[in-house]
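# kindly return the folded structure for what I paste below:
(one chain, ligands or ions: 1)
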Amino acid sequence: MNAQTAKQALQGELPAGHKLKTGEEFKASLDDGRALWVGGKRIAKVFDDPALSAGVDLIASMFDDQFKPEFAEATTYVDESGTVASRSWQVPRTKEDLADRRKMIEYTSLKTAGTFGRPPDLAPAIAVGLLAYLPTFKAKKSLIEGCSPDFAENIEAYVAYGRDNNLTASESLTGPQNDRSSPKGAEASLLKVKSVEKGGIRVSGAKTVGSISAQANEIFFTNLGGIRETPAEACIWASVPINAEGIKLISREMVSHPGADPFDHPVARLGEEADQLIIFDNVFVPTDRIFNLGDPTAMSYYGPVCVFAHWHVLTRLAVKAELFVGAGQLVLDVLGTSNIPAVQGMLGEIIQYAQTLRAFVTAAEAMAKPTEGDVMAPDAGMLTAGRLYSIEHYPRIIHILQELCGQGLVMRFGKAAFDNPEIGHHLHDLLPGKGVSAEVKELLMNFIWDMTSSSLAGRVALFENVNASPAPRLRERLYNEVKRERFIEQVKTLAGMP
Ligand SMILES: Cc1cc2nc3c(=O)[nH]c(=O)nc-3n(C[C@H](O)[C@H](O)[C@H](O)COP(=O)(O)OP(=O)(O)OC[C@H]3O[C@@H](n4cnc5c(N)ncnc54)[C@H](O)[C@@H]3O)c2cc1C
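Have a look, this model is predicted:
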């Protein structure tokens with residue numbers, strides 16, 4: 001059943017056609033000659049590395065799901081022209097739209113068990129963030145002589161282009177790590193305009209940890225942090241195809257277990273979103289893909305523009321927290337520890353974490369307000385507080401889940417051992433859980449290992465800690481973001497202060 005008929009079945013509508021890619025079409029779109037290095041070696045195609053390839057397969061299955069009736073509501077919507085499109089590119093205009101768009105975030109989070117922080121619907125949230133401030137970008141002018149795009153027109157066209165082509169993108173806002181005390185360190189790698197030519201500009205420099213870049217169609221970039229005053233030629237928001245001439249992707253070491261038996265690594269066998277160092281060597285950026293050029297005041301829009309991406313991050317963490325609750329309860333059930341008050345208390349702490357994250361997401365949506373560009377934006381202060389809470393508690397929640405498992409998380413033997421006629425029967429006899437076989441008990445432990453203790457889990461934990469600003473910066477944001485005049489007045493009144 002295609003998406004059109006899936007939607008018809010769900011909503012009784014007859015939308016005309018669709019703007020969706022199949023998984024195969026998505027994979028074909030990545031076979032574009034991109035310059036990619038893994039383990040120090042150039043690979044011809046992203047599919048040539050097993051971990052990247054498995055990750056691509058997982059993303060491709062999300063494209064295929066768009067055509068299945070059971071996922072149509074979460075993954076697709078009917079756009080302004082009456083055509084079915086990916087929810088990734090939906091522009092929320094009302095609180096109901098926000099709740100609908102969240103279904104897509106919850107879907108991609110569950111699909112990857114929260115291990116992909118940059119699934120295909122994340123980067124569109126940044127493009128939508130630019131759209132939310134269209135009047136501001138309309139008023140801004142390029143400060144680079146010889147190239148004067150209409151930023152607002154470009155933003156609108158880009159969101160339409162992404163929606164019409166079911167586009168995936170990575171986003172890189174951060175610069176490579178080097179000597180943070182010296183402006184020279186940051187400047188050496190800073191992505192800057194090198195020249196202006198007919199139809200666009202040329203940029204050189206580097207971006208970093210562009211998670212999923214090798215597995216996406218485009219890279220959406222700007223410069224943030226590392227330098228106090230961004231020079232005009234480095235003030236840029238833009239997007240280019242990943243295979244643009246002059247882009248080199250250097251992948252970090254892979255951490256997943258692609259091709260592993262599903263029993264041994266139920267999550268890590270699905271591959272990973274790999275992080276890349278992205279070199280821009282005289283890359284051409286067409287005028288119509290430029291959303292800011294040369295204006296430092298536009299760079300201060302990072303917080304407001306990224307609010308939808310930050311809402312995505314927090315929602316994904318809430319979904320993952322609920323998976324931790326489910327996994328924890330199953331551990332209590334199969335180990336027979338659920339009647340021990342101290343154990344109940346440990347699970348209670350994970351439940352508190354999950355409930356709190358949901359509460360932050362709910363509150364951010366309830367307090368949402370339309371932006372100047374008439375996009376419904378979740379409350380930034382509530383999101384920042386929620387994200388800070390989520391990353392501060394994440395290591396402890398992982399530790400509690402490990403604690404609940406006891407030796408089970410270490411004493412895992414794998415499918416081959418269970419199938420071995422000489423030793424398998426010992427495992428079957430000695431290791432059953434409460435009401436479940438030894439194999440079922442180990443499968444649960446293998447899942448929790450992948451989620452909490454594997455090399456994949458290690459990368460994910462580091463990702464959660466800093467991917468959308470580390471805790472010290474989030475505290476600073478809270479100080480600057482959350483209005484407190486009312487609280488001050490209350491204290492003054494109670495204390496009798498003038
Ligand atoms: C696995 C992974 C994936 C990521 N994916 C993406 C991505 O897809 N796109 C993207 O744009 N970014 C991504 N990030 C990058 C993330 O945005 C940065 O890691 C983050 O902004 C912190 O910058 P930094 O790592 O360069 O830290 P550094 O600037 O090198 O600083 C190191 C530490 O010093 C402290 N510190 C430094 N400066 C300050 C300050 N001004 N105030 C308070 N504390 C400070 C912080 O504790 C910080 O962690 C990813 C990061 C990781 C680890």
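# okay, CA-based contacts and neighbour counts for the rest of this
Noted.
# so, low pLDDT: which residues of the stretch 51-200 of the chain?
For the stretch 51-200 of the chain, applying pLDDT under 70 flags the ranges 183-185.
# what residues does it have near the ligand?
Residues of the stretch 51-200 of the chain that fall close to the ligand, judged by Cα under 6 Å from any ligand atom: Glu171, Ser172, Leu173, Thr174, Gln177.
# same thing but at 5 Å, please
Neighbours of the ligand within the stretch 51-200 of the chain, by Cα under 5 Å from any ligand atom: Ser172, Leu173, Thr174.
# beta-bridge partners for the last one, please?
Spelled out, that is Thr174. When bridges are called by DSSP bridges, Thr174 pairs up with Leu224.
# domain ranges for this structure, per the record?
3-296, 306-488 (automatic domain parsing).
# for Asn446, state which of the residues of the stretch 51-200 of the chain next to the ligand is nearest.
Using Cα to Cα, Ser172 comes nearest to Asn446 of those, at 32.6 Å.
# run a quick neighbour tally on the closest residue to the ligand within the stretch 251-400 of the chain.
Relative to the ligand, the nearest point of the stretch 251-400 of the chain is Asp275 (6.0 Å; Cα to the nearest ligand atom). As a burial measure, Asp275 scores 23 neighbours (other Cα atoms under 10 Å).
# enumerate the residues of the stretch 351-498 of the chain near the ligand.
Counting by Cα under 5 Å from any ligand atom, the stretch 351-498 of the chain sits next to the ligand at Phe463, Val466, Asn467, Ser469, Pro472, Arg473.
# can you lay out those residues as a markdown table showing pLDDT?
Output for these, formatted as a markdown table (pLDDT from 0 to 100):
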| residue | pLDDT |
| --- | --- |
| Phe463 | 95 |
| Val466 | 93 |
| Asn467 | 90 |
| Ser469 | 89 |
| Pro472 | 94 |
| Arg473 | 92 |
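# measure Arg163 to Tyr77 for me?
To Tyr77, Arg163 is 11 Å away according to Cα to Cα, to the nearest Å.
# which residues do the two both contact?
Ala85, Ser86, Gln90 (Cα atoms under 8 Å, 6 or more residues apart in numbering).
# of the domains of the chain, which is nearest Ala495?
Within these, the stretch nearest Ala495 is domain 306-488; the backing value is 10.5 Å (Cα to Cα).
# distance between that closest one and the chain's centre?
15 Å (Cα atoms, centre = their mean, to the nearest Å).
# end-to-end on it?
29 Å.
# closest one to Gly303 out of the residues of the stretch 51-200 of the chain next to the ligand, please.
Leu173 (12.0 Å).
# quick check: the closest one touching Asn223?
Yes. Leu173 is in contact with Asn223 according to Cα atoms under 8 Å; the separation is 5.3 Å.
# tell me which of those two has more neighbours.
Asn223 (22 against 17).
# what segments of the stretch 151-300 of the chain are helices?
Assigned helices in the stretch 151-300 of the chain, in chain order: 151-164, 183-189, 296-299 (criterion: DSSP state H, counting those that start in this stretch).
# highest mean neighbour count out of the ones you listed?
Highest mean neighbour count among these (mean count of other Cα atoms under 10 Å): helix 151-164, with a mean of 20.
# just the residues contacting that helix, thanks.
Residues contacting helix 151-164 (Cα under 8 Å, 6+ apart): 19-20, 85-86, 88-90, 124, 127-128, 130-131, 134-135, 137-138, 140-141, 167-168, 288-292.
# equivalent analysis for stretch 86-100, please.
Applying Cα under 8 Å, 6+ apart, the contact partners of stretch 86-100 are 19-20, 66, 74-77, 79, 101, 104, 120-122, 124-125, 128, 159, 162-163, 166, 365-366, 368, 370, 374-377.
# what do you get for stretch 465-483?
His310, Val313, Ala380, Gly381, Thr384, Ala385, Leu388, Ile391, Glu392.
# touching the ligand at all, the longest helix along the chain?
Looking across the chain with DSSP state H, the single longest helix is helix 307-335. No. Helix 307-335 does not reach the ligand (Cα under 5 Å from any ligand atom); its nearest approach is 10.6 Å.
# which other helices and strands contact the helix or strand that comes right after that helix?
Downstream of helix 307-335, the next assigned helix or strand under DSSP states H and E is helix 341-366. Counting contacts by 3 or more Cα pairs under 8 Å, 6 or more residues apart in numbering; DSSP states H and E, helix 341-366 packs against helix 95-111, helix 307-335, helix 380-405.
# now helix 341-366 and helix 380-405, what's the angle there?
Following axes from the mean of the first three to the mean of the last three Cα atoms, to 10 degrees, one obtains 160 degrees for the angle between helix 341-366 and helix 380-405.
# buried sites along helix 341-366?
For helix 341-366, a neighbour-count test (16 or more other Cα atoms under 10 Å) marks 344, 346-347, 350-351, 353-358, 360-365 as buried.
# on that earlier part again, so what's the closest residue to the residue of the stretch 251-400 of the chain closest to the ligand other than its chain neighbours up against?
For Asp275, ignoring the flanking residues on the chain, the nearest one in space by Cα to Cα, 6 or more residues apart in numbering is Ser211 at 4.0 Å. Residues in contact with Ser211 (Cα under 8 Å, 6+ apart) are Arg118, Ser170, Glu171, Ser172, Glu273, Ala274, Asp275, Gln276.
# give me the pLDDT for Ser211.
The model reports Ser211 with a pLDDT of 92.
# quick one: it from Leu474, how far?
21 Å.
# just to check, Asp261 is in contact with Leu270?
No. At 10.4 Å, Asp261 does not count as touching Leu270 under the criterion of Cα under 8 Å.
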